[in-house]
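**Student:** I'll drop the sequence and a predicted model, then ask my questions.
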Amino acid sequence: MALKQHGVGAFFMGGKNLQRCQLIQQLVRNWPRMKELANKTNVPFAFHVPPTGKKLTSMNLE
């Protein structure tokens, strides 16, 4: 996977048929937790950002 090869972190956002405003709300709602995870997690990493709620889940990079 490119994330692993290049040693970067990523947050995957979105959801089925979300409008632009809903994506912005998703980003704003989860921004504090995304910043926290980015600062304390060693690269490479990937997290799924849910379309609703605030529970980010780690994604397997294998």
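**Tutor:** Alright, I've got the coordinates. Numbering: from 1, shown residues only.

**Student:** Any idea what the spatially most central residue of the chain is bridged to?
**Tutor:** Among the residues of the chain, the one closest to the centroid is F11, at 2.3 Å (CA atoms, centre = their mean). With DSSP bridges applied, F11 shows beta-bridge pairing to F47.

**Student:** and the most far-flung residue of the chain relative to its centre, which of the three is it?
**Tutor:** Ranked by distance from the centre of the chain (CA atoms, centre = their mean), the top residue is Q5, with 18.4 Å. Following DSSP: H, G, I helix; E, B strand; the rest coil, we place Q5 in the helix state.

**Student:** any idea how far it lies from G15?
**Tutor:** 27 Å (CB to CB, to the nearest Å). No exception for glycine: its C-beta is placed from N, CA and C like everyone else's.

**Student:** contacting residues around the residue nearest to the centre of the chain?
**Tutor:** Shown in contact with F11 (CB atoms under 8 Å, 6 or more residues apart in numbering): N30, M34, A38, A46, F47, V49, L56.

**Student:** Tell me how many other residues surround the residue nearest to the fourth one when sequence neighbours are not counted.
**Tutor:** This means A46. Among residues not flanking A46 along the chain, M59 sits closest, at 4.0 Å (CB to CB, 6 or more residues apart in numbering). Per other CB atoms under 10 Å, the neighbour tally for M59 reads 14.

**Student:** do Q25 as well
**Tutor:** 14.

**Student:** Can you say which helix or strand has it in it?
**Tutor:** Taking DSSP states H and E as the definition, one finds Q25 inside helix 20-40.

**Student:** Now do the same for that helix: mean pLDDT, whole number.
**Tutor:** Helix 20-40 shows a mean pLDDT of 95.
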